[in-house]
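Chemist: Quick one, what's the 3D model for this:
(chains A, B and C)
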Amino acid sequence: MREGLPISRRSFIKLAATAGAAAALPGCEPAARKLIPYVVPDENVVPGVPSFFATTCSECPAGCGAVARIREGRVIKLEGNPADPIGQGALCARGQAALQGLYNPDRLAHPQVRGDDGALRTVSWDEAEKMLGDRLAAASKAGKDRVAFFGSPQGPTFRKIALAFLGVYGSSRATFYEAINQEPARVAAKTLFGRRDLPIYRIDQAEALISFGADFLETWQSPVELARQYSLFRTPQKRRGALTIGRSTYVGPRLSMTASKCDDWIATAPGAQADVAWSVLNVLVKQRWISPNSGFDLAALSNAVANFDPAATSARTGVPVETITRLGETFGKADGALAIAGTDDSSAHLAAMILNAVTGNFGKTIMFLAGSPAEETSTPDEVDAAVDAMRGGEIDAAFIAGANPVFTMPVSARMAEALQKVPFVVWAGGVPDETAAMASLILPAHHPLEAWRDTAPRAGIRGLGQPVMQPVFDSKPVGDILLAAAGRSSSAKPPWATTAAAVKAEWLALASKADGAGPEDFWVNVRREGGLFEEQHLSALKLDTSPFKAPVPAAAQMELSVYAYPHIFLYDGRGADKPWLQELPEPVAQIVWDSWAEMHPETARKLGVAQDDVIEIKTEHGAIEAPVLVASTVRPGVIAVPLGQGHRAYGRYAKDVGTNAWLILAAGATCAGATARATGKTRRLVSPLGKSDMMGRSIVEAMSIEQLARGVIPKNEAEEVTGPFEMYTPWKYPGHKWGMTIDVNACTGCSACVTACYAENNIPWVGKEGVDNGRIMSWIRIERYFPEAKAAAQAPLLYLAPMLCQQCGHAPCEPVCPVFASYHTDEGLNGQIYNRCVGTRYCENNCPYKVRRFNWFVPEWPAPLNLQLNPDVTVRGAGVMEKCTFCVQRIQFGELNAKTEDRELRDGEIVTACQQACPTRAITFGDSNDPASAMMRRREDHELRNYRALEELNTQPAITYLRNLYREKGKA
Amino acid sequence: MAAAPKISAEPSYRDIDRSVLRVMEPAGLAYWAWIGFCFTLVAIAAALWARQIYTGLGVTGLRQPVMWAIYITNFVFWVGIAHSGTLISAILFLFRTKWRTAVYRAAETMTIFAVATAGLFPLIHLGRVWFFYWLLPYPNERSLQPDFRSPLVWDAFAVSTYLTISALFWTMGLIPDIANAREAASGWRKKFYTVLAMGWQGTDRQWRHYSMAYLLMAGLATPLVLSVHSVVSWDFAMAINPGWHSTIFAPYFVAGAIFSGVAMVITLLIPMRRLLGIEDLLTEWHFDNLAKVVLLTSLVVSYAYITEAFMTWYAGDPIEQMTFHMRYFGPWGWMYWVMVLCNCVMPLLLFSPRIRVNLRALWIVTIFVNIGMWFERFVIIAGSLTANFEPSQWAGYRPSITEIMITVGSFAWFVGLFSLFSRFLPIISMTELKEGIVWLRKALKMDRATAA
Amino acid sequence: MSTVAIISSFADDTQCANAIEQLRAAQVGDFNTFSPIPSHRIERAIGRSKSPVRWIVLAGGILGVLAGLAITIGTTYEWRLNAGGKPLLSWPPFIVICFELMVLLGGIFGFLGVMMLSGVPTTEMEPGYDGRFGEDRFGIVVRCDEAEAARIELVLKESGAEEVVREGA
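Modeler: Coordinates of the predicted model:
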């Protein structure tokens, strides 16, 4: 800059920017905010540089912390919050897909009133709120408790707001409804310890784990956290001198993704898990594998489990006696064991809890914390009461927010009927769903990411959710709507005017807890940290063995039964409006954009149906139709159907996709006796995968822990690896040479990496037809292979591993490209230059891993979904090839940072999207030129498990996989 | 047109000129209707291509992992067809083969139009056809050049060279004949041919350079024709895919090319001879010899199939073996066996001299050969891709209406151009026929003998 | 003295060649023949050396090879890119390019060469050209002094010309 120039470069740019803004947008004040809509002061904002905001994930009750990545005022990615003790920096697919809820094109844009003809009429907020106020006032005049609030639990502060709102209108009818609640577990805890809060688990502290139908890697309680613990549990380590991995057993009707990662899958009929659980306890009692200070009276116990002699149980459930006794033995002898249950009957939960108790594992692998927060979810009885009240005409005005009871409640609850009895139903939310269709006033509510909120998932953990961007639509926070409504009433007003105020007030009340810092510092800190995370204390347990005087009765078994489980991605149905989740193949079934009736070939034969035949499944509660998926991943006699599909509303991506399995269930149940018949119709189930048989090729490799202990590397007869072979002088990579290590043993198949990749790299979805036509665009996919029948005894239950561009050193795709669109960078990346690509597709033909994706059409992101696009990544047009880039934009960002700060790039500074998202940290990215890098060290530490996919082709991939570990069958 | 008057068993130069030039007299309605029909189909194909360029290749049936299918199959098929032309016009010229004189012009013409058709498909199959010129080196300020290691670049060079050289060769052969046409024609046609003849007069000076150049051109075209299909085969042999990665591809493909090409010549000439009334110039003797070439190449191709199977078994690579297992017995196995029937079994009939000169039978055999050779390319190209290294990515392929209509259009384009040519330029080289008149006389004698 | 053109036509190339020999024996140099086919007899009779078009084709071929080497090596070094870990100078592929260009330029040169040497395209016809010479007659046109004419006509007639016409040039 020249001497004595009166204006510095910095201030010049400032001026220029302001001038530009002024020119661009008339009306400076609001424009200025519109221009850079930030919660933080504007100086912090450098266009082109992302800023991060800690917040919380509100896609399921687990309550993981999240960090929102903001570019130019738009949230473009959600990642885990490293400061949060639950997620510890990871976030599942569902959590990340929250963005598509935020930007969903079908979100309600303006308040609407339903006329008598049923047609919706758009009205202004003033009109809507006036109407709301008047009707509520009228209702409250009619008497006490004439107003009801029915919603999902949205945090302690929101709870207070809702109650205050009701209070103003002289009512106490607040219902906080979760379709998938933990009632059975709570009941069990109540019976045994006289408390209803949920324990927390430490799988990593156990040596043996039995899951009685709990899909703890998918949807059960806190999947991200438990997945992390489970991967530690499965990491080989020396126990009593021997190198071993934790032994896990899954008892349940379906080989879920969770089951597939266990050593054994004991296929029982749904509901029979309890029987097995009690029987295992029976074994423990017989064998006296009871810790002396368990506080149980042996005699009483043996009396209680009298009905569950292994032989008897075996007769009832078809589970071999030796299996049960072996389960008992491993569990009883283990130094640290954990039994968990995910069934709909509390009996299994009770048995599991007793198993943990009698083996003295409380406080070790499972623990109750002191000062658990107040229970957020209403009990089923409370919910029933609320619905009955509506049906009984006791409610004049019902305010529904966050929950979709019309969809998730069983037919028997007759929710729809109940709502018809309510003269005035208000619905507030995002994408209008089945419940909104029954409301007379529907209001656009903020997405959680646009609003202030907090969570209290467990003792010692309070998550703070702050708005991460300006509202996308003309919406308001539910809390504000309630408070505004309350404000209109003449009676006593609630203490706060807005949710923001309420949250801040609530949190400042906690300030005292925070050591030293003044309230404002505290407020800044909790917003930076994303919450308040304190030490957790065990609570003393008062064991109550009184219930076990009489023998526990054994439940009857069902002939043909249907088992409905929450879909790993769609959960109870709330995920169905998000194309990322719809197009994510269910890890085991590998099916997209549909529901399916999964049945064993035997069952199919009995019913005389084949793959893709649409069958009608009838239970006492209702009937659904779904196409058949024939697979030996379910127990014979069981039809497994995922929940979450079959919406009749809820936006373009959810509407009329699949079938709603809630309709055939009783309240709180996950299974029912059923009859099935072919309808004569067929519907193609669509999957992006071809063969499920690996044909002995080294794509996903596994070795037994015994082999690892003996130091034997399994021989792959299908191929002969002569090691890396160089025909020419190898190219030099003087600077960095990027590489990746993927631990297949740690990978659970949860597909968080896939969603992360979609979000980071602007990958379009193609819809059901697109997938069927083989045009799915995912750069990283989960390979799913079944072990060959003959080798099944010496193989994992299922092969699951991420497959992405291997960034080969001898990349077959490169020399065939006529225009150098595919070439090798001097940092060892397999570069793909979209602008240069002419679309011969030769590279994909020559790619052994088939990880390249071609743009068959011009990709589309219906507004405002396009706002989510990552500005650092090109949006590819039709006719060009694309593929995994190792997140080259992140590499660039890291390298430039290091350069501007004039320092060496630090190991671990660059984190790829897939690596960042992985709950089990299965993926490590780093520089292969740096032997000290975490990535290279991981290869070192697990040398025996190293392998490269299709290594005999000598493509010399930059990705090294670590073999999956299994336990040789028939060994204790 | 009117049935051709039989020419004497001792035809003179004049007889030859007359019967060839008669073909070039103004054509009737039927002819123009046929031309119209052909180019309507071409127009439809063009429209579909335009749509494909506009919306993207999604309108095809292409998918993971079958990135190449019908388009590339057509490319290889048409390049193959082209080869017989150059074989007959150049290679047989060097060998001084007697029977080539009557056939070579038609065959060579077929070459030109076949290459012109083939050349379209690499463009049609491109994702971004508007950048096709990036495959050729040209000076640009960003130093962006093609990668000469890529077989596709070799293709670009080989095919364009092939088209240019055969066009020049063809033109050279035409000039003296057009000069004759110039003398015979009247009206606008005279002007037309006068321009095309470029003032050729057949002086000794002209003939002297002409003969030498023609010889050298033949010498250049001979290795070229062998190189072109080798290069095409390397598109596949250079890839590592099981089913593609094979060293026998070059000779295998060249043999297949000549096989299909000569078959196509026969398929075209048999009806043409009747329609244009030139039975006296294209005698059974000629077809007998053509049929022998078909038979020979058929045997070579069959040998290649066996070798391929043997090498796969002998090499003992399970992945390769699985791919071939799928080729023989997989869902598309029937295509392979259709191919074997058409390419290996049917041609065996040609061992019988009676069938070789029974033009109806011969015609049917060659039709089958054309079908078989198309399937061969499809089985190799698309079939191998379906059974790749990644079982999880195995999938079938179904062609879309766009691909089918464009394929139909390519046949219409080829036949249409050929039909146009056959009435406007001498379909048989008068000059060479005169040179070899002795052989024509022999052939006619034989014909008449068998007829009597 | 004015020059004339003597146009004679023959039934086949043997007679024509024979006539040419006679003419040459009679020290007649300035003649020109027309024939429907390239005839070695006639060529031998005239006895000219082999056509120089050979050298033009050779030049084209060599130029092609050089051009091939130039673009392959040149462009590779203009921007050294690593594709599949293969060496920059991958000769086998380069040979393919060189070969194709050799054939291409060789062919083009040959074609242009023959056009140039044989004087096509041209608009004016040699004196005495006649359509029949393209069809089935062989013609010799001698340009000579009026005084010479009679003698030459005799030579032609004796060597079997079907007809001999004299034209004032």
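Chemist: Start and end of stretch A:617-626, how far apart?
Modeler: Terminal residues of stretch A:617-626 are spaced 8 Å apart (Cα to Cα, to the nearest Å).
Chemist: scratch that, stretch B:276-295
Modeler: Start-to-end, stretch B:276-295 (Cα to Cα) is 27 Å.
Chemist: tell me how far it is from the chain's mean position?
Modeler: Put simply, stretch B:276-295 sits 17 Å off its chain's centre (Cα atoms, centre = their mean, to the nearest Å).
Chemist: for it, what is the average pLDDT?
Modeler: If you average the pLDDT over stretch B:276-295, you get 88.
Chemist: How about the backbone phi and psi for the residue nearest in space to the middle of chain C?
Modeler: Chain C has residue C:118 as the residue nearest its centroid, 4.7 Å off, counting by Cα atoms, centre = their mean. Backbone geometry at residue C:118, expressed as degrees, to the nearest 10, gives phi -90, psi 10.
Chemist: What of residue A:366?
Modeler: Torsion angles, degrees, to the nearest 10, at residue A:366: phi -140, psi 140.
Chemist: got the contact list for residue B:24?
Modeler: Shown in contact with residue B:24 (Cβ atoms under 8 Å, 6 or more residues apart in numbering or on different chains): B:181, B:184, B:185, B:189, B:423, B:424, B:425, B:426. Any C-beta I mention is one placed from the backbone N, CA and C, and that applies to glycine too.
Chemist: Pull out the buried residues from these.
Modeler: Among these, those buried by neighbour count (16 or more other Cβ atoms under 10 Å in any protein chain shown) are B:181, B:184, B:185, B:189, B:423, B:424, B:425, B:426.
Chemist: re the thing from before, which SSE is the closest residue in space to the residue nearest to the centre of chain C that isn't next to it in sequence in?
Modeler: Distances taken as Cβ to Cβ, 6 or more residues apart in numbering or on different chains place residue B:206 nearest to residue C:118, at 3.9 Å, with adjacent residues excluded. Following DSSP states H and E, the helix or strand that holds residue B:206 is helix B:204-237.
Chemist: Work out the gap between that helix and the centre of the chain.
Modeler: Put simply, helix B:204-237 sits 16 Å off its chain's centre (Cα atoms, centre = their mean).
Chemist: Pull out the buried positions in it.
Modeler: In helix B:204-237, counting by 16+ other Cβ under 10 Å, buried: B:204-222, B:224-237.
Chemist: With stretch B:293-301 instead?
Modeler: Of all the residues in stretch B:293-301, those buried under the rule 16+ other Cβ under 10 Å are B:293, B:294, B:295, B:296, B:297, B:298, B:299, B:301.
Chemist: Enumerate every residue touching residue B:137.
Modeler: Residue B:137 sits next to B:145, B:146, C:71, C:75 when contact means Cβ under 8 Å, 6+ apart.
Chemist: Which members of those residues are classed as buried?
Modeler: By 16+ other Cβ under 10 Å, the contacts of residue B:137 give B:145, B:146, C:71, C:75 as buried.
Chemist: Save these as a markdown table, and put in distance to chain A too.
Modeler: Shown next, in a markdown table, are the buried ones among the contacts of residue B:137 (distance: Cβ to the nearest Cβ, whole Å):
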| residue | distance to chain A |
| --- | --- |
| B:145 | 8 |
| B:146 | 5 |
| C:71 | 14 |
| C:75 | 10 |
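Chemist: and the residues you listed, which of them are in helices?
Modeler: C:71, C:75 (DSSP state H).
Chemist: For residue B:111, state which of the buried ones among the contacts of residue B:137 is nearest.
Modeler: residue B:146 (26.1 Å; Cβ to Cβ).
Chemist: how about that closest one, phi and psi?
Modeler: With angles defined as degrees, to the nearest 10, residue B:146 sits at phi -70, psi 160.
Chemist: Once you drop chain neighbours, what's closest to it?
Modeler: Per Cβ to Cβ, 6+ apart, closest to residue B:146 is residue B:153, 4.7 Å.
Chemist: Could you say which helix or strand holds the residue in chain B positioned nearest to chain A?
Modeler: Minimum separation of chain B from chain A (Cβ to the nearest Cβ) falls at residue B:127, amounting to 1.7 Å. Secondary structure assigned from DSSP H and E places residue B:127 in neither a helix nor a strand.
Chemist: Residue A:848 versus that one, what's the distance?
Modeler: Distance of residue B:127 to residue A:848, given as Cβ to Cβ, to the nearest Å: 21 Å.
Chemist: Just the CA trace of stretch B:97-105, in CSV.
Modeler: Listed next in CSV are the C-alpha coordinates belonging to stretch B:97-105 (Å, rounded to 0.1, in the frame of the first residue of the first chain):
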residue,chain,number,x,y,z
THR,B,97,-7.0,-60.7,-57.1
LYS,B,98,-9.0,-61.2,-60.3
TRP,B,99,-12.5,-61.1,-58.9
ARG,B,100,-12.1,-57.9,-56.9
THR,B,101,-12.6,-55.5,-59.9
ALA,B,102,-16.4,-55.8,-60.1
VAL,B,103,-17.0,-55.7,-56.4
TYR,B,104,-14.5,-53.2,-55.0
ARG,B,105,-16.2,-50.0,-55.8
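Chemist: Let me see the mean pLDDT of that stretch.
Modeler: The average of the pLDDT scores along stretch B:97-105 is 86.
Chemist: do that stretch and chain C meet?
Modeler: No. Stretch B:97-105 stays out of contact with chain C when judged by Cβ under 8 Å from any Cβ of the partner chain, the minimum separation being 11.1 Å.
Chemist: Show me how far that stretch is from its chain's centre.
Modeler: Here the centre of mass of C-alpha atoms in stretch B:97-105, compared against the chain's by Cα atoms, centre = their mean, lies 16 Å away.
Chemist: Then stretch B:90-100?
Modeler: 18 Å.
Chemist: which residues touch that stretch?
Modeler: By Cβ under 8 Å, 6+ apart, stretch B:90-100 touches B:88-89, B:104, B:169, B:214, B:217-219, B:221-222, B:225, B:285-286, B:289-290, B:436, B:439, B:443.
Chemist: How about stretch C:116-131?
Modeler: Around stretch C:116-131, the neighbours that count as contacts under Cβ under 8 Å, 6+ apart are B:175, B:183, B:198-201, B:203, B:205-206, B:208-210, C:5, C:7, C:9, C:32, C:34, C:51-53, C:115, C:137, C:139, C:141, C:143, C:167, C:169.
Chemist: Can you see whether stretch A:876-888 contacts chain C, counting any residue in it?
Modeler: No. On the criterion Cβ under 8 Å from any Cβ, stretch A:876-888 is out of touch with chain C, staying 14.8 Å away.
Chemist: hang on, isn't residue B:65 packed against residue B:393?
Modeler: Yes. Using Cβ atoms under 8 Å, residue B:65 is in contact with residue B:393, at 4.9 Å.
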